[in-house]
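Engineer: quick one: sequence and predicted model below, then my questions.
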Amino acid sequence: MKGTLFKRIIAAGFTGFYRNRTVSLSSIFILTITLSIIASFFFFRSIFNFTLDQLTSRVDVRMYFTVDATEAQIGEVKAKLLGLPQVQSVAYTSREQALAEFRERHSGDQLTLQALDELGNNPFGGSLSIIAKDPTQYEAIANSISSGAQFLGENSSVVDKVNYYQLKDSIDKLNQIIKWVNTVGFWLSMIFILMSCMIVYNTIRLAIFVYRDEIAVMKLVGASNMYIRGPFIVEAILYGLVATIITLVMMYPATVWITKKTVIFFEGMNLNAYYLAHVLQLAGILLASGIILAVISSLLAVRKYLKV
Amino acid sequence: MLYFDRVTKEYENGAKVLEDISLTVNQGELVSIVGHSGAGKTTLIKLLLAEEKPTEGTVSFQSENIHRLKGSRMTNYRRKVGVVFQDFRLIPNKTAYENVAFAMEAAGKHDHEIEQDVPHVLDLVDLRDKMNHFPHQLSGGEQQRVAIARAIINRPEIIIADEPTGNLDPINTYDIVQILKKINDLGTTVILTTHNKGIVDNLGRRVITMENGRIIRDAKSGKFSL
């Protein structure tokens, strides 16, 4: 008998979903909007993390050497730096490279290039750019280096300057922004999700309000609470399912479009590729949120009318 | 089988709609309850269906206080009582067949029983050819006959009909009363509220007359008189 009841509840849910098309459509519409908001947060976070990675990888500590520092001396310093636990990588720029880069940067500025030519020899020293494993660790690295002779030994005489202090402010600021965005982003998404939950709840509540007399009749005819609730739960699951499918399908052209518009700005961030790579994860998140939202809303809404 | 023991119903605003009602209905009876609007007929029915609770006194069915029933025992009680309303109260997005079948499904009957009993009962109320119609495709009389079919499908011990002919023309009224009489002849207790004099006089059965929340007359083979 349990099996028969279960079968009937499922069948009644499907029939109700089809026959009350208007109600089903409006619930699915609102649910789709909610799920789109959740999906946007999913993408927003990925864009944000990507941009943050890009920014932090650009921050570095640069150590400039005097013009008479030999490659061997610089190599020694590089090896020492790599020995520091906070350092992820150290990149070497030779004197010639520095000159070439300078010429390229000022290719439109004849005056500067002339002045450079008049000098006769290459005024640039080699440099090492140091990248930390985490942006918060630059200070520790800079402190180690600035202990001077202690850290560098006899090579300290060839170090011209370390420019961390010029970057210190921007690094600190970036760290603050990361913290701020994380906190604000979390609360903002909570508020948005809560708001959309209330909208979904109200829509489904209005939809079920239409059935209040019917629910009363069902009770009087001798249907148990579970038997009345069952088909509404099945309908709610269908709402969640359909809304998830619509959202996922809509996200494909949306991400293609956004990728086209932003590929230059985000430098290599391909949102569409990201979507395709994470489509299963996203589907899981949307399906779970959609079904949970719809089912809880229906249960709350029906509960009110079951007290006959 | 049904007892009202000194039942009083008073609403929160102080309106007393039923006062000191004591009443017994025996198995197999056909009882008409008559009275003006506001006499308390509908409240009496609501108490019987456990839609409302009495302020004082008890209502019992087969010596069980129905207002103490909870959960599945309340569901069971409701399956023993078939109800017919003035406004039919069919489920609008179910066909005539499905409306009747719903009561059986809810009671957990097997599919083969449903397939066998529903057409049979729809035959009894002369609606077999319209069983796939939705309520809005049926006339008032036809809708009421569907409601009666739904009320009797689970073979209840008692049928309560609250102004079942209130929205119907004389010919349909006659049909509905004949059906209720037939059901009663087959052994089911029927309680009928009405203010249609013709029905009551024609039936020639027990008549309870109510006025201002009290029973003023209870006649074994009564006529409608106010």
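Structural biologist: Cool, the structure landed. Residues are numbered from 1 along each chain as shown, chains lettered A, B, ... in the order given.
Engineer: drop to CA atoms for contacts and neighbour counts, all remaining ones
Structural biologist: Will do.
Engineer: residue numbers of chain A in contact with chain B?
Structural biologist: A:1, A:4-5, A:8, A:19-20, A:213-214, A:217-224, A:227, A:308 (CA under 8 Å from any CA of the partner chain).
Engineer: of the residues you listed, which belong to strands?
Structural biologist: In strands, judged by DSSP state E, none of the residues of chain A next to chain B are found.
Engineer: burial of the residue of the stretch 51-200 of chain A found nearest chain B, as a residue count?
Structural biologist: Closest contact between the stretch 51-200 of chain A and chain B, by CA to the nearest CA, is at residue A:200 (23.6 Å). Other residues within reach of residue A:200, judged by other CA atoms under 10 Å in any protein chain shown, total 26.
Engineer: all helices for the stretch 151-300 of chain A, in order.
Structural biologist: Along the stretch 151-300 of chain A, counting by DSSP state H, counting those that start in this stretch, helices occupy A:164-209, A:212-221, A:225-262, A:271-277, A:279-305.
Engineer: mind putting these in TSV, mean pLDDT included?
Structural biologist: Listed next are the helices of the stretch 151-300 of chain A as TSV, based on pLDDT from 0 to 100:
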stretch	mean pLDDT
helix A:164-209	75
helix A:212-221	82
helix A:225-262	90
helix A:271-277	86
helix A:279-305	89
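Engineer: as CSV, those with distance to residue B:207 would be great.
Structural biologist: Output for these, formatted as CSV (distance: least, CA to CA, whole Å):
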stretch, distance to residue B:207
helix A:164-209, 39
helix A:212-221, 26
helix A:225-262, 36
helix A:271-277, 76
helix A:279-305, 35
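Engineer: highest average neighbour count across these?
Structural biologist: helix A:212-221 (a mean of 20; mean count of other CA atoms under 10 Å in any protein chain shown).
Engineer: and the angle for it with helix A:225-262?
Structural biologist: 150 degrees (axes from the mean of the first three to the mean of the last three CA atoms, to 10 degrees).
Engineer: pretty sure residue B:21 sits in a strand.
Structural biologist: Yes: according to DSSP: H, G, I helix; E, B strand; the rest coil, residue B:21 belongs to a strand.
Engineer: now for it, how many residues are close by?
Structural biologist: Neighbour tally, residue B:21, other CA under 10 Å: 20.
Engineer: before we move on, what about residue A:118?
Structural biologist: Residue A:118: 9 surrounding residues under other CA under 10 Å.
Engineer: where's it relative to residue A:231, distance?
Structural biologist: 88 Å (CA to CA, to the nearest Å).
Engineer: please identify which helix or strand holds the residue nearest the centre of chain A.
Structural biologist: Centroid-nearest residue in chain A: residue A:45, 1.8 Å away (criterion: CA atoms, centre = their mean). Assessed by DSSP states H and E, residue A:45 sits inside helix A:21-58.
Engineer: show me what that helix is packed against.
Structural biologist: helix A:164-209, helix A:225-262, helix A:279-305 (3 or more CA pairs under 8 Å, 6 or more residues apart in numbering or on different chains; DSSP states H and E).
Engineer: hmm, 10 Å instead?
Structural biologist: Packed against helix A:21-58 by the contact rule (3 or more CA pairs under 10 Å, 6 or more residues apart in numbering or on different chains; DSSP states H and E) you find helix A:2-19, strand A:127-132, helix A:164-209, helix A:225-262, helix A:271-277, helix A:279-305.
Engineer: got TSV for those, with distance to residue B:190 too?
Structural biologist: Shown next, in TSV, are the helices and strands packed on helix A:21-58 (distance: least, CA to CA, whole Å):
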stretch	distance to residue B:190
helix A:2-19	30
strand A:127-132	89
helix A:164-209	33
helix A:225-262	27
helix A:271-277	67
helix A:279-305	29
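Engineer: now for these, which one comes closest to residue B:172?
Structural biologist: Residue B:172 sits nearest to helix A:2-19 of all these, at 30.3 Å, using CA to CA.
Engineer: run the chain-centre distance for the closest one.
Structural biologist: Centre-to-centre, helix A:2-19 and its host chain are 40 Å apart (CA atoms, centre = their mean, to the nearest Å).
Engineer: again with stretch B:106-117
Structural biologist: 22 Å.
Engineer: go on, stretch B:53-61?
Structural biologist: That offset, for stretch B:53-61, works out to 18 Å (CA atoms, centre = their mean).
Engineer: buried sites along that stretch?
Structural biologist: Going by neighbour count (16 or more other CA atoms under 10 Å in any protein chain shown), the buried part of stretch B:53-61 is B:53-54, B:56-60.
Engineer: against which helices or strands is the longest helix seen in chain B packed?
Structural biologist: Secondary structure of chain B per DSSP state H: the longest helix is helix B:170-185. For helix B:170-185, the elements it packs on are strand B:30-34, helix B:111-124, helix B:140-152, strand B:158-162, strand B:189-194, helix B:197-203, judged by 3+ CA pairs under 10 Å, 6+ apart.
Engineer: which ones are touching residue A:250?
Structural biologist: Residues in contact with residue A:250 (CA atoms under 10 Å, 6 or more residues apart in numbering or on different chains) are A:32, A:36, A:244.
Engineer: I meant residue B:118, not that one.
Structural biologist: B:96-102, B:104, B:124, B:128, B:131, B:149-150, B:153-154.
Engineer: equivalent analysis for residue B:209, please.
Structural biologist: So residue B:209 contacts B:32-36, B:39, B:41, B:193, B:215-219, B:222-226 (CA under 10 Å, 6+ apart).
Engineer: for PyMOL, write a command that selects the buried ones of the residues you listed.
Structural biologist: In PyMOL, a selection of the buried entries from these looks like this (16+ other CA under 10 Å):
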select buried, chain B and resi 32+33+34+35+39+41+193+215+218+222+223+224
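Engineer: hang on, the earlier thing: and the buried residues of stretch B:53-61, which two are furthest apart?
Structural biologist: Pairwise over the buried residues of stretch B:53-61, using CA to CA, the maximum falls at B:56 and B:60, 13.1 Å.
Engineer: what pLDDT does the residue most central in space within chain B get?
Structural biologist: Closest residue to the average C-alpha location of chain B: residue B:160 at 1.6 Å, with CA atoms, centre = their mean. We have a pLDDT of 94 for residue B:160.
Engineer: and what of the one 5 residues further on?
Structural biologist: According to the model's per-residue confidence, residue B:165 sits at a pLDDT of 89.
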